[in-house]
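**Student:** 3D, please:
(one chain, ligands or ions: 2)
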Amino acid sequence: MTSFNVRQLKLTPGEEHRQALEVELPSFEFGGQLYVPVPGEIESELVVTRTLTGTLFTLAFRARLHGPCHRCLGDAVLELALSAREYQASSPDDEELSTPYLEGDELALSAWARDAVSLALPDKILCVPDCAGLCQFCGENLNEHPHEHERVELDPRWAALESLRNET
Ligand SMILES: [Zn+2]
Ligand SMILES: [Zn+2]
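**Tutor:** Ligands and ions are numbered 1, 2, ... in the order given. Next up, the predicted model:
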């Protein structure tokens, strides 16, 4: 896990410190599946800006996650370009003016980057936006083998359930 010691920075109000850093990004569990960042160390840029009343932190990075497609379970890759901001007041009176990622002088970059990615994840991670998914009758991948089955007559009660299911 990557952290950054902010004590070494002796910034006066108005000054900023800019630094390129490699930040270790942990794997994610999302919808019961595992998504792995490739590479596991992301290139990022940290900017620390001293203001009159506190310190502003900005972390910009790109991350690429590999994992299964939500519909067909094939390989999906998600690329994200993010810029996250945190603020720490010099004398925080309430919790809103302090960042949870600063513990003493250590800024927990890995935890911060992980949370930023979590917040940016789409509802569903797909291999392609219009992934056809798996056939509900035979389980075959409909992207690779598009096909249809003879219409199966359903009990009307099941049909009602089925249409409910298809709406989600
Ligand atoms: Zn897919
Ligand atoms: Zn089928």
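
**Student:** contact partners for the spatially most central residue of the chain?
**Tutor:** Residue closest to the average C-alpha location in the chain (C-alpha atoms, centre = their mean): V117, at 2.4 Å. Under the criterion of C-beta atoms under 8 Å, 6 or more residues apart in numbering, the neighbours of V117 are L25, F28, P37, A63, L65, L80, L82. Where you see a C-beta, it was placed from the backbone N, CA and C, and this is true even at glycine.

**Student:** and it, what are its phi and psi?
**Tutor:** For V117, the backbone dihedrals are phi -70, psi -40 (criterion: degrees, to the nearest 10).

**Student:** quick check: closest non-adjacent residue to L73.
**Tutor:** On the basis of C-beta to C-beta, 6 or more residues apart in numbering, the spatially nearest residue to L73 that is not a chain neighbour turns out to be L134, at 7.3 Å.

**Student:** what's the local residue count around the one you found?
**Tutor:** Residue crowding around L134 was assessed by other C-beta atoms under 10 Å; the count is 17.

**Student:** may I have the beta-bridge partners of it?
**Tutor:** As for beta bridges, L134 partners with N141 under DSSP bridges.

**Student:** P68 now?
**Tutor:** Those that pair with P68 in a beta bridge, by DSSP bridges, are D75.

**Student:** what's the answer for V23, then?
**Tutor:** The residues paired with V23 through beta bridges, assigned by DSSP bridges, are I42.

**Student:** list the contacts of it.
**Tutor:** V23 sits next to T2, E41, I42, S44, L59, F61, L109, S110, A113 when contact means C-beta under 8 Å, 6+ apart.
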